[in-house]
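Asks: How does the following fold in three dimensions:
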Amino acid sequence: MILTEIGAAGQRKLLRSRVFIVGAGGLGCPVGLYLAAAGVGNLGIIDNDVVELSNLQRQIAHSTRTLGKPKTASIKSVLNALNPDVCVQALEDRLSSENIMGHIKDYDVVVDCSDNFLTRFLVNDACVLARKPLVSGGILRFEGQVTTILPGEGHCYRCLFEDIPPPEKTPSCREMGVIGAIPGVIGSLQAMEAIKIILGTGAVLKNAVLVYDALKAAFRKVAVPRNPECRACADYR
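Replies: Numbers count the residues shown, from 1 in each chain. Next up, the predicted model:
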């Protein structure tokens, strides 16, 4: 509260805010931890997977004690222990076109921590339609990227990638690997973007993608103009 950009009024904003996190894996763990620690009052987290031993080098909210348990239940217990004043709604479910609008409708910001393009496009299209701010992150090997989508104000995910790429061109972390600290970096950036949106302070990554290359120890910001013919947001008013 001693930060002039936040203060007591900003802390109350965080307490009243509602953030929906898609995925309780490598990105979802640091996002959930930092938002709970910041005092975000309501967190929704959706994931339909269970904790596996191979997850633990990057999914820092889980442990050997929760192997085989649903990731949502595992992360909820950690977040409740970190900040008991945060209300955590854990949803052991898979997002689909049938349920996504119902899941996100009561939240102020959506943070996409999923690990596949199908879900990213689904979340993007739903957030554009529902006019929900979206913070999207992606990781692979020694790299990661994050972007913030404010429907009607800038680009959306389909302005960046017009359509879902074929599976053979989009290897996953399970297939290609990822160093554990990468989701920590990108997830922290996602949490910070969500906090800035809630507080209405600072500049967010609108019309831009921030790319991190760990091997080069370098960040690069890439401009992403809004596509006037975008299938998702072209008709947005």
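Asks: can you give me the strands for the chain?
Replies: 18-22, 42-46, 87-91, 109-112, 134-140, 143-149, 208-213, 218-223 (DSSP state E).
Asks: Make a markdown table from these and add distance to Ser77, mean pLDDT and mean neighbour count to it.
Replies: Where C-beta positions appear, they are placed from N, C-alpha and C, glycine not excepted. A markdown table is the format used below for those (distance: least, CB to CB, whole Å; pLDDT from 0 to 100; neighbours: other CB atoms under 10 Å):
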| stretch | distance to Ser77 | mean pLDDT | mean neighbour count |
| --- | --- | --- | --- |
| strand 18-22 | 15 | 98 | 26 |
| strand 42-46 | 12 | 98 | 23 |
| strand 87-91 | 9 | 97 | 17 |
| strand 109-112 | 20 | 98 | 27 |
| strand 134-140 | 24 | 96 | 25 |
| strand 143-149 | 27 | 97 | 25 |
| strand 208-213 | 30 | 98 | 18 |
| strand 218-223 | 34 | 97 | 10 |
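Asks: got TSV for those strands, with distance to Tyr157 too?
Replies: Below are these laid out as TSV (distance: least, CB to CB, whole Å):
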stretch	distance to Tyr157
strand 18-22	12
strand 42-46	18
strand 87-91	22
strand 109-112	8
strand 134-140	6
strand 143-149	6
strand 208-213	10
strand 218-223	14
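Asks: so which of those strands comes closest to Pro183?
Replies: Closest approach to Pro183 among these (CB to CB): strand 134-140, 5.2 Å.
Asks: Indicate each strand paired with the closest one and its parallel or antiparallel sense.
Replies: Sheet pairing for strand 134-140, assigned by DSSP bridges, gives strand 109-112 (parallel), strand 143-149 (antiparallel).
Asks: by how many degrees do the longest one and strand 218-223 diverge?
Replies: Spelled out, that is strand 143-149. When axes from the mean of the first three to the mean of the last three CA atoms, to 10 degrees is applied, the directions of strand 143-149 and strand 218-223 differ by 30 degrees.
Asks: Next, format the strands paired with strand 134-140 as a markdown table and append distance to Leu199.
Replies: What follows is the strands paired with strand 134-140, written out as a markdown table (distance: least, CB to CB, whole Å):
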| stretch | distance to Leu199 |
| --- | --- |
| strand 109-112 | 11 |
| strand 143-149 | 14 |
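Asks: can you tell which of those is closest to Gly7?
Replies: For the strands paired with strand 134-140, proximity to Gly7 was assessed by CB to CB; strand 109-112 is nearest, at 20.1 Å.
Asks: hmm, who's touching that closest one?
Replies: Contacts to strand 109-112, defined as CB atoms under 8 Å, 6 or more residues apart in numbering, come from residues 17-23, 31, 104, 119-120, 123-124, 127, 132-137, 190-191, 194, 197-198.
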